[in-house]
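Undergrad: any chance you can model this:
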Amino acid sequence: MGSLDPKTLLLIRSAEQRLRAEVDAISKLPGPKGDKGDAIKGERGEPGPRGEKGDAGESIRGLPGAKGERGDPGPKGDSIKGERGEPGPRGALGRSIQGKPGPAGPPGPKGDMPRHRWKDTSLQFEHPDGKWGMLVDLKGEKGTPGQIVQRFVGGGGGGGGSAAPTLKNPAFTYTAGVLTSIAYDGSNSKALTYNGDGTLNTLVTTISGTTTTKTMAYNADGTLASVTET
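TA: Residues are numbered from 1 along each chain as shown. You can find the predicted model right below:
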């Protein structure tokens, strides 16, 4: 086979290049979709090592914006007040009925005797506030002197007077725990009465047939104000 002339070789090479380009273009076209293959899931691998902590990011805070202008006030709303209604009719006057007072109740039980103490012939009571009241001397007054009888015998004689009796051998009587009387020799005695609050009211003393009565008066706070003797 003889050698080809240059023109023929050029045509052959040009045709070869076009054929290669067509083959490349055809090879790049997608082929038909194949059948779905079996899904095979492999085992989970071991977790990888933890990475190092990254540097903290820069926190950039923006500057606050400028304060906006204040808006104009809105228009004032209408103030509507309703008219006052007419007063209603006055109700009828009710009847005032006062019942009759009920009967007095039974007297309550007598209170306990307040604490008291003696000092010689004086008696002292304790007030509700725990303080002791005044001492009240319960000793009787001195008796009147006896008559002096003189008897003259043969130009001479003498006489003497009788002294006030001495209260001896006191016998105390209590009623419901309260001292109510004291009896002495010779029919001499003392009787005591009390107020509703337990304070001493009267002291009646009888000596040699003479009776004197002491009546106690108290202030509003319960302290002794005066003693009246009759």
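
Undergrad: from now on I want contacts and neighbour counts done on CA atoms only, so please keep to that.
TA: Noted.

Undergrad: just give me the residue closest to the centre of this protein.
TA: In the chain, the centroid-proximal residue (C-alpha atoms, centre = their mean) is Asp129; its distance is 24.6 Å.

Undergrad: quick one: the helices in this protein?
TA: Here the chain has its helices, by DSSP state H, at 6-27.

Undergrad: where exactly do the strands run in it?
TA: 116-119, 122-125, 136-137, 171-175, 178-183, 189-194, 200-207, 210-218, 224-229 (DSSP state E).

Undergrad: which of those strands sits most buried?
TA: A comparison of the strands of the chain by mean neighbour count, using mean count of other C-alpha atoms under 10 Å, puts strand 200-207 on top with a mean of 20.

Undergrad: can you give me the mean pLDDT across that strand?
TA: The pLDDT scores in strand 200-207 average 91.

Undergrad: let me have the strands of the chain in CSV, extended by distance to Glu43.
TA: Below are these laid out as CSV (distance: least, C-alpha to C-alpha, whole Å):
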stretch, distance to Glu43
strand 116-119, 106
strand 122-125, 107
strand 136-137, 115
strand 171-175, 111
strand 178-183, 109
strand 189-194, 111
strand 200-207, 112
strand 210-218, 111
strand 224-229, 111
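
Undergrad: one step back: what about the residue nearest to the centre of the chain, distance to Ser27?
TA: Distance of Asp129 to Ser27, given as C-alpha to C-alpha, to the nearest Å: 125 Å.

Undergrad: can you check Gly65 too?
TA: Distance, Gly65 to Ser27, using C-alpha to C-alpha: 63 Å.

Undergrad: what about the two, which has more around it?
TA: With neighbours defined as other C-alpha atoms under 10 Å, Gly65 and Ser27 compare such that Ser27 has more, 10 against 6.

Undergrad: what sits against the closest residue to Arg117 other than its chain neighbours?
TA: In space, and not counting its chain neighbours, Arg117 is closest to Gln124: 5.4 Å by C-alpha to C-alpha, 6 or more residues apart in numbering. By C-alpha atoms under 8 Å, 6 or more residues apart in numbering, the contact list for Gln124 reads 116-118, 132-136.

Undergrad: repeat that with 6 Å
TA: Each residue near Gln124 by C-alpha atoms under 6 Å, 6 or more residues apart in numbering is listed here: 116-117, 133, 135.

Undergrad: ok, so of those residues, who is nearest Leu4?
TA: Gly133 (163.8 Å; C-alpha to C-alpha).

Undergrad: quick one, phi psi at the closest one?
TA: Main-chain dihedrals, Gly133, degrees, to the nearest 10: phi -80, psi -170.

Undergrad: tell me the contacts of it?
TA: 124-126.

Undergrad: try it again with 7 Å
TA: Counting by C-alpha atoms under 7 Å, 6 or more residues apart in numbering, Gly133 touches 124-127, 223.

Undergrad: among those, which pair sits farthest apart?
TA: Using C-alpha to C-alpha, those reach their maximum pairwise distance at Gln124 and Thr223, which is 11.2 Å.

Undergrad: return the set of residues that bridge with the closest residue to Ser181 other than its chain neighbours.
TA: Closest residue to Ser181 in three dimensions, ignoring its sequence neighbours and counting by C-alpha to C-alpha, 6+ apart: Ala191, at 4.3 Å. The partner list for Ala191 in beta bridges (DSSP bridges) reads Ser181, Val204.

Undergrad: and Lys67, what pLDDT?
TA: pLDDT, read off for Lys67, is 84.

Undergrad: same check on Ala183?
TA: Reported pLDDT for Ala183: 90.

Undergrad: that'll do, ta.
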